[in-house]
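fold the following for me, if possible:
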Amino acid sequence: MTKSVLDRDIERVLLTQEEIQRVTTRIAAQIDRDFRSSKRLLLLGILKGSVVFMGDLMKKVTVPVEIDFMKVSSYSDGTESSGRINILLDLNRADLTECDIIIVEDIIDSGRTLSYLVEYLRLGGAKSVHTCTLLDKPSRRVVAFTPDYVGYEIPDEFVVGYGLDYAEQYRTLPYIGILKPDVYKNK
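The predicted model follows:
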């Protein structure tokens, strides 16, 4: 495997490509089981971080599924949540009342964003709203929120790769790694 110049900024690999693919397969099987009778299942990716995970996940889901995207921001400096949710790209569907939605996220920290989006989509008339995250950091939770589908519970470390970024970099790494603190501290 060819190394990326970004690899030098990784302290250690937290999850390998193989581990990520195994958990993606597991989550897809759970979704297949839980939504086999759904008339309209929608995977709703939250841009940009979820794109890689959602791309792999949707290829493994065998029940009929549609995809769509929202873009939401809650970060002010790239490392800390501002606590304020901004919808930058909204979901605009006339058939929302017929949709069983699974919001697909790369990582959950505080829980604010997904908690807000679940309520937002329910108030918008969605038939049902569920959540799926590749990574969960429950130690960082500031609101009562538990995702429906979780790939891995991880420690409170700054992770990048497989869609997760720091300053729009590192998304293309094929694994999830812990970023060296000197890369993002004192910037």
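
got any ranges where the protein has weak pLDDT?
Low-confidence segments of the chain, defined by pLDDT under 70, span residues 1-2, 75-82, 186-187.

show me where it has strands.
Taking DSSP state E as the test, the strands found in the chain are 10-15, 41-47, 66-75, 81-89, 100-108, 128-136, 149-153, 159-160, 176-179.

can you give me the buried ones in the third one?
For strand 66-75, burial by neighbour count (16 or more other Cβ atoms under 10 Å) applies to F69, M70, V72, S74. Quick note: C-beta positions are derived from backbone N, CA and C, even for glycine.

what sits against the nearest residue to the second one once chain neighbours are set aside?
With sequence-adjacent residues excluded and distances taken as Cβ to Cβ, 6 or more residues apart in numbering, M70 is closest to L91, at 5.3 Å. Residues in contact with L91, defined by Cβ atoms under 8 Å, 6 or more residues apart in numbering, are L44, D68, F69, M70, L121, G124.

from these, which is closest to T97?
Using Cβ to Cβ, G124 comes nearest to T97 of those, at 9.0 Å.

my guess is the closest one meets T97, correct?
No - G124 is beyond contact range of T97, at 9.0 Å (criterion: Cβ atoms under 8 Å).
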